[in-house]
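Enquirer: Next come a sequence and a model predicted from it.
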Amino acid sequence: MPATSRRAFGVKVLNSNHKDVRRLKREGHVAEIHGNKFWNSSFLIMNHLRKHPLRKRSRVLEIGCGWGLLGIFCARRFDSRVTGIDADENVLPYMALHADVNHVEIVGAKKTFQQLSIEYLSQFDAVLGADICFWDEMAGMLFNLTNRAAKAGVKQIMIADPCRPPFSELTQRCQNRYGDKAVVEPMWLSRPVRASGEILIVNP
Ligand SMILES: C[S@@+](CC[C@H](N)C(=O)[O-])C[C@H]1O[C@@H](n2cnc3c(N)ncnc32)[C@H](O)[C@@H]1O
């Protein structure tokens, strides 16, 4: 029998053949903007956070959360208060399912990057996102979001990607704007999967 789930960085990730994942799909929750599975760049941030932990119980916003495993990792490991937002409401039941199997509570909301106002962002200490900068227009959207988060008093913004061109544009624009407060950390993992990329870390 093929495995229906795996464990990595202390979180349980369900595979697409898991009965509850298949049930959600049957019920009509079909992701429309690539949120149909868990993507690998979250592992890069999890690996970074193992060595550079968040403060306990800090307020974390995962943007473009998809199945929400990065936020769930923070909730489990740091007791973070986590909200996950995504433009595609179809992904939210998969995040709720993963929160459930990982025994944490997460708030989910349908929101786009563009809708996150300074007032909304001021509720959070950290904004995290993985594999969310893949179309050209996303570089500008996420740069503007970073600026709003900085104005809102967010202490740390972290975005990971396997270095697609829009992400490289985003890192360049953030480094120009924030100087040494914007760091780009390259990372290679051989476990739990082979993954490589960069993490943009802005501490405004
Ligand atoms: C490639 S998936 C990555 C999902 C998740 N972060 C992961 O690592 O598994 C990209 C996610 O970003 C979401 N997304 C795309 N454009 C968005 C936008 N403008 N605002 C908010 N979410 C968006 C998609 O719906 C999708 O869930």
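Expert: Here it is on my side, so go on.
Enquirer: which secondary structure element contains A109?
Expert: A109 belongs to strand 107-110 when assigned by DSSP states H and E.
Enquirer: check contacts around D131.
Expert: By CB atoms under 8 Å, 6 or more residues apart in numbering, the contact list for D131 reads H34, W39, N40, S41, S42, G64, G66, A160, D161, P162. Heads up, the C-betas are built off the backbone N, CA and C, glycines and all.
Enquirer: Is the second one in contact with C133, as I believe?
Expert: No - using CB atoms under 8 Å, W39 is not in contact with C133, being 11.8 Å away.
Enquirer: Just the element for the residue nearest to the spatial centre of the chain, please.
Expert: Geometric centre of the chain, nearest residue: G129, 3.0 Å, by CA atoms, centre = their mean. For G129, the element it lies in under DSSP H and E is strand 126-130.
Enquirer: Give the partner strands of that strand in its sheet and their orientations.
Expert: strand 59-63 (parallel), strand 156-161 (parallel) (DSSP bridges).
Enquirer: and the ones you listed as CSV, adding mean neighbour count and mean pLDDT?
Expert: Below are the strands paired with strand 126-130 laid out as CSV (neighbours: other CB atoms under 10 Å; pLDDT from 0 to 100):
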stretch, mean neighbour count, mean pLDDT
strand 59-63, 25, 98
strand 156-161, 25, 98
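Enquirer: possible to save those strands as CSV with distance to the ligand?
Expert: Listed next are these as CSV, based on distance: least, CB to the nearest ligand atom, whole Å:
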stretch, distance to the ligand
strand 59-63, 6
strand 156-161, 8
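Enquirer: ok so, going back, touching the ligand at all, the strand holding A109?
Expert: No - Strand 107-110 is not in contact with the ligand by CB under 6 Å from any ligand atom; minimum separation 8.8 Å.
Enquirer: what comes into contact with that strand?
Expert: By CB under 8 Å, 6+ apart, strand 107-110 touches 65, 68, 82-89, 92, 95-96.
Enquirer: which of the residues you listed are buried?
Expert: Buried subset of the contacts of strand 107-110 (neighbour count, 16 or more other CB atoms under 10 Å): C65, G68, V82, T83, G84, I85, D86, A87, D88, L92, M95, A96.
Enquirer: so which strand or helix has the fifth one?
Expert: G84 is part of strand 81-86, with elements assigned from DSSP H and E.
Enquirer: pLDDT of that strand, averaged?
Expert: Averaging pLDDT along strand 81-86 yields 98.
Enquirer: can you check stretch 188-204 too?
Expert: 94.
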